[in-house]
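>>> Predicted coordinates and the sequence they were generated for:
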Amino acid sequence: MGRRLARELALKILYRYEEGDADLMGCIKKILTAKAYDENVTSFCEKLVATTAEHKQEIDTRIIEVIENWPYERVSLIDKIVLRLGVCELLFFKDIPPQVTINEAIEVVKKYGGENSGRFVNGILDAVKKRYESRSGQ
């Protein structure tokens, strides 16, 4: 549950940030100090949020490359953030198997997203994974 909790906290942080709280570090602090979380949870969450924010443009480009029949601007904010977190893990967290990343993203978005969010996120992340693997020769 540790990394799943970290992913859920990362979603909450980035949601708050996207909704207008311009102080990302402040969002991190507010969310992560609200309860006494395990150090592994907070460490992974902070790294995931920071990496996602740092590479947001590249991550969004990767998502837009594979999204079909739906304008990216119309994707719900929850789905968009979960996709960003998932793509971030696929691209920058080599120690996490891609299928674990995809499965975790699906579980998180099922909890916080809409009725069809799980299938949508699964399809997009799988397409990004396949495209990334073909580019990197893995």
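Arrived safely, thanks for sending.

>>> buried set for whatever helix or strand Asp60 lives in?
With the criterion set as DSSP states H and E, the secondary-structure element containing Asp60 is helix 56-66. Across helix 56-66, burial judged by 16 or more other Cβ atoms under 10 Å covers Ile59, Arg62, Ile63, Val66. C-betas here are computed from N, CA, C, even on glycine.

>>> show me what contacts the second one?
Shown in contact with Arg62 (Cβ atoms under 8 Å, 6 or more residues apart in numbering): Val87, Leu91, Val128, Arg131, Tyr132.

>>> try 6 Å this time
Shown here is Arg62, whose contacts under the criterion Cβ atoms under 6 Å, 6 or more residues apart in numbering are Val87, Val128.

>>> can I get the buried residues of helix 56-66 in TSV with distance to Val41 and pLDDT?
Formatted as TSV, the buried residues of helix 56-66 follow (distance: Cβ to Cβ, whole Å; pLDDT from 0 to 100):
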residue	distance to Val41	pLDDT
Ile59	22	97
Arg62	26	95
Ile63	26	96
Val66	30	94
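
>>> Now tabulate those residues in CSV and tack on distance to Ala36.
Supplementary listing: those in CSV, determined by distance: Cβ to Cβ, whole Å:
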residue, distance to Ala36
Ile59, 31
Arg62, 35
Ile63, 34
Val66, 39
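
>>> Which of these sits closest to Tyr37?
The shortest gap between Tyr37 and any of the buried residues of helix 56-66 belongs to Ile59, at 24.7 Å (Cβ to Cβ).

>>> Relative to Tyr112, how far out is Ala127?
Applying Cβ to Cβ, to the nearest Å, the value for Ala127 to Tyr112 is 22 Å.

>>> List the contacts of the most centrally placed residue in the chain.
Nearest to the mean C-alpha position of the chain, by Cα atoms, centre = their mean, lies Leu85 at 1.4 Å. For Leu85, the contacting residues are Ala10, Thr52, by Cβ under 6 Å, 6+ apart.

>>> Output the below-cut-off pLDDT ranges for the protein.
Residues of the chain meeting the criterion pLDDT under 70: 1, 135-138.

>>> So in the chain, which helix runs the longest?
Across the chain, the helix with the greatest residue count (assigned by DSSP state H) is helix 117-136.
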